[in-house]
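Asker: Make a model of this:
(chains A, B, C and D)
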Protein chains: 2
Amino acid sequence: MTSRLGAIEFRHLRYFTAVAEARSFRAAAQQLHVSQPPLTRQVQQLEELLGLVLLERQPRGVELTAAGVVFLEEARNLLALADLAIDRTQMAAQGQLGRLDVGVYGSAVFDAIPRVIQAFRSAYPKVEVVLHNLDRAGQIKALRERRLTVGFNRFFVEEPDLVWDVVLAEALNVALPAGHRLVSRSQLTIADLSGEPLVVYPRTPRPSFIDQVLGLFHRRHLTAQVVQEVDDVVTAIALVSSGFGLTMVSDSALNLRLPGIVYRPLERNEALIDLCMIRRAEDDSALLRAFIDVVRKVLPQRPGNG
Amino acid sequence: MTSRLGAIEFRHLRYFTAVAEARSFRAAAQQLHVSQPPLTRQVQQLEELLGLVLLERQPRGVELTAAGVVFLEEARNLLALADLAIDRTQMAAQGQLGRLDVGVYGSAVFDAIPRVIQAFRSAYPKVEVVLHNLDRAGQIKALRERRLTVGFNRFFVEEPDLVWDVVLAEALNVALPAGHRLVSRSQLTIADLSGEPLVVYPRTPRPSFIDQVLGLFHRRHLTAQVVQEVDDVVTAIALVSSGFGLTMVSDSALNLRLPGIVYRPLERNEALIDLCMIRRAEDDSALLRAFIDVVRKVLPQRPGNG
DNA sequence: CGGCTGCGATACCGGATCGGTATCGTCAGC
DNA sequence: GCTGACGATACCGATCCGGTATCGCAGCCG
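Answerer: So this is what the prediction gives:
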């Protein structure tokens, strides 16, 4: 890339623009708060660098040549764009401009995450937010490779270079087929589900939501009767509506309204399911801090380990 | 207009861009053929002027901050635009870029002028050509006020600060109603028209085409029987087609094809009508020179007074 | 017609700033 | 813990910038 810029500097543009607009070296010198000789010298140097005459010196001032007319317009443009560039850079430094890559996975995409993203978008409209559907392993890999800024997942193993926060504790609900006998109850307990056929998810990655659900039974020395393992909550709900059995979903998944499906809350002290946010420990960018602030404002907060 | 540019110069952008792209001060120094310390100093100064940190210095090189990512993009952009600005300025100096205001009037707009403009547009596609319909007085005024670069008209009085060239000598033709007795002749003379009712134009400005036509008769001691004076050639042709009489038109006007109108040429040695080009005597711009060259190439040329 | 005035260009000077060399502090890797 | 590579710093000479003083020139006015 061989540039024709040579040694032209913004100073040349500033000085030339002032002279061209004032149609006078002396008047421009006053406006710029410098004396007149430096203006003469800088404009001469600019003309020499361009190999062109930009101004016609005349007894009562200066006139623009055709090249001068064009260069004046270009110089004004460049100066204005340089100002904008500085503005944009300073906005970026304040986290108001840039790109935020967010990893998402699981049922939180149906409620909690959309609320967060919407709030962030309206608070920081010039930040481009990109969502990536990645499971936990994929999020961790992408975070390390800088392809992700934050990730949301149900829980995380400890990683030395990463930090996680629990940003939301959601209650659990049972999804039942419309005619099921438990539909008559307004609240359920884990014990109510003992012996009921269960559809569980996700099959991978492990450990994850599935293990938390099964743990609820084991902790109470109850037996979970798993009839089907599926990939995601949507498939699980579909199977429930087909009469395969019951399944457990977080509050976020209540937005998944399918015909023939009824949700009943689990008693709140029975179990809570965490939503976690993971990020690089050394990432102290203003953009990430701004995002975390929005998350804490939008979601009922709980302390993390970071 | 208070700029936030401060004392930022293109040098800062060039150096920062090189360092940011190479992710290394030393490597950038090699590419730029300078030593490493000046790079450190210029980047430090740039960061100080912006009040921001653009680079994170690390043991194995440098990483960009969020602000650095944005500023790198902006700086590249500015450097590329500066190059383009220089290109455009140099094109302007060569007459390849700019704006050409052309004054036109009379029947030449139907043939000679369109041919010139089309040739110029294809040779200088980045020059904006603007046509202005102005009579001779209007053209002279606009030329003096720099609103016009050149003007075309049928003939000009001498003006001290203006220069004119005859750029085309067109033959004359007679426009006849379809059933007229002279239609049977393939060529006509002025004498053939003696006693015929004539429609003449333009009423103003004077002197102009009308006076040249009437002069043809007076020179031969013939009588021109003027039945109607009108503003322009189009109106004259319309009256001819209505049977008012005959009228004289230049070659250019032969493109005006109306039903019921027949054109017959005047013998070539009977009369020629000039097309003149007028311009400022002191205008030696490359753009005007380029236009004159095109005119001379497109139109059969004759020497002018300039 | 000659002095005056206002313009840009030039000469020259002191200080700021640039780029160069040499060197330091620091962290990673063997 | 040594070594090597990186960026930062110290210092120096040369350049470049901006300032003052002055020149050359053209239009203006009495």
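Asker: from what I can see, A:Asp101 looks like it's in a strand, true?
Answerer: Yes. Assessed with DSSP: H, G, I helix; E, B strand; the rest coil, A:Asp101 lies in a strand.
Asker: My guess is it contacts A:Val130. True?
Answerer: Yes. Using Cβ atoms under 8 Å, A:Asp101 is in contact with A:Val130, at 5.0 Å. The C-beta positions use only the backbone N, C-alpha and C, and glycine is treated the same way.
Asker: shaky segments in the stretch 101-250 of chain A?
Answerer: Within the stretch 101-250 of chain A, not a single segment meets pLDDT under 70.
Asker: Could I get the full set of helices for it?
Answerer: Using DSSP state H, counting those that start in this stretch, the helices of the stretch 101-250 of chain A run over A:112-123, A:136-144, A:190-193, A:209-219, A:233-241.
Asker: list the buried ones in the shortest one?
Answerer: In terms of neighbour count (16 or more other Cβ atoms under 10 Å in any protein chain shown), helix A:190-193 has its buried residues at A:190, A:192-193.
Asker: residues in the stretch 51-200 of chain A within reach of chain B, list them.
Answerer: A:51-52, A:54, A:65-67, A:69-71, A:74-75, A:77-79, A:81-93, A:95, A:97-98 (Cβ under 8 Å from any Cβ of the partner chain).
Asker: which parts of the stretch 201-306 of chain A sit against DNA strand C?
Answerer: Among all residues of the stretch 201-306 of chain A, none is adjacent to DNA strand C (criterion: Cβ under 7 Å from any atom of the strand).
Asker: Apologies, that question was intended for the stretch 51-200 of chain A.
Answerer: Residues of the stretch 51-200 of chain A lying near DNA strand C (Cβ under 7 Å from any atom of the strand): A:57, A:59-62.
Asker: Nearest to B:Thr204 among those?
Answerer: Ranked by distance to B:Thr204 (Cβ to Cβ), these are led by A:Arg60 at 37.0 Å.
Asker: how near is that closest one to B:Ile117?
Answerer: Applying Cβ to Cβ, to the nearest Å, the value for A:Arg60 to B:Ile117 is 36 Å.
Asker: Neighbour count: those two, which is higher?
Answerer: A side-by-side neighbour count of A:Arg60 and B:Ile117, using other Cβ atoms under 10 Å in any protein chain shown, places B:Ile117 first with 20 against 7.
Asker: And for the nearest residue to the more buried one once chain neighbours are set aside, the neighbour number?
Answerer: Nearest residue to B:Ile117, sequence neighbours excluded (Cβ to Cβ, 6 or more residues apart in numbering or on different chains): B:Val129, at 5.9 Å. When neighbours are counted by other Cβ under 10 Å, B:Val129 registers 16.
Asker: re the thing from before, filter the residues of the stretch 51-200 of chain A next to DNA strand C down to the ones close to DNA strand D.
Answerer: Counting by Cβ under 7 Å from any atom of the strand, the members of these near DNA strand D are A:59-60.
Asker: could I get the residues of the stretch 51-200 of chain A next to DNA strand C as a markdown table with pLDDT?
Answerer: Output for these, formatted as a markdown table (pLDDT from 0 to 100):
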| residue | pLDDT |
| --- | --- |
| A:Arg57 | 90 |
| A:Pro59 | 84 |
| A:Arg60 | 83 |
| A:Gly61 | 86 |
| A:Val62 | 92 |
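Asker: Please flag which of the residues of the stretch 51-200 of chain A next to DNA strand C sit within strands.
Answerer: Among those, the members falling in strands are A:57, A:61-62 (criterion: DSSP state E).
Asker: Can you flag the buried ones in those residues?
Answerer: A:Val62.
Asker: of the ones in strands among the residues of the stretch 51-200 of chain A next to DNA strand C, closest to DNA strand D?
Answerer: Proximity of these to DNA strand D (Cβ to the nearest atom of the strand) peaks at A:Arg57, which lies at 9.1 Å.
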